[in-house]
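*Asks:* compute the structure for the input listed below.
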Amino acid sequence: MQNPLCYWELASHDAEISVKFFEDVFGWKFAYDKNSTIHDLRINDTEKPFGGGIFTLLNAKLPFLTLYILVDDIKEKVKSIEMHGGLITIPPTVPFPGGPTICLFNEPSGVTFAMIERKRKE
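*Replies:* Have a look, this model is predicted:
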């Protein structure tokens, strides 16, 4: 698959309760990252299977789930999304120092997805 799903984020009203639920029910192990405030689930360092994270809502009123799509060139995908009727809701940005470039968008029916740019080999 050229652009696989690679990550998910669950915005919860209480991240600790959500984390405990997934740990108790599925045996998942999360590590809290105080810089991003995300409880990070890492499966392994490869692209598949993918990991995820849970955090507590700060600004949104309703919980949500975001699926991330791995892309090689995020700026080119932004152009393609707009050309095909999508809407960029958060332009390409690096939310944390040293982190990946991400971008959020709505597909034509309004559902939000995110892209994360594949790390380039240097």
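
*Asks:* which helix runs longest in this structure?
*Replies:* helix 15-26 (DSSP state H).

*Asks:* in that helix, what's buried?
*Replies:* Under the neighbour-count criterion of 16 or more other Cβ atoms under 10 Å, helix 15-26 has 15, 18-19, 22 buried. Heads up, the C-betas are built off the backbone N, CA and C, glycines and all.

*Asks:* over to stretch 86-97?
*Replies:* 86, 88.

*Asks:* give me the contact list for it.
*Replies:* 35-36, 74-75, 78, 81-82, 100-108, 112, 117 (Cβ atoms under 8 Å, 6 or more residues apart in numbering).

*Asks:* in helices only, show me those residues.
*Replies:* Going by DSSP H, the helices hold 74-75, 78, 81-82 from the contacts of stretch 86-97.

*Asks:* point out where this protein drops to low pLDDT.
*Replies:* 1, 42-50, 120-122 (pLDDT under 70).

*Asks:* now list the buried members of the contacts of stretch 86-97.
*Replies:* 74, 78, 81, 100-105, 117.

*Asks:* just flag the most distant two among those.
*Replies:* Taking Cβ to Cβ, the two most distant members of these are I81 and P100; they sit 17.8 Å apart.

*Asks:* what are the ranges of the strands in this structure?
*Replies:* In the chain, the strands defined using DSSP state E lie at 5-12, 31-33, 38-41, 51-56, 64-71, 87-93, 102-106, 112-117.

*Asks:* just want the angle from the fourth one to strand 64-71.
*Replies:* With axes from the mean of the first three to the mean of the last three Cα atoms, to 10 degrees as the criterion, the two stretches strand 51-56 and strand 64-71 enclose an angle of 150 degrees.
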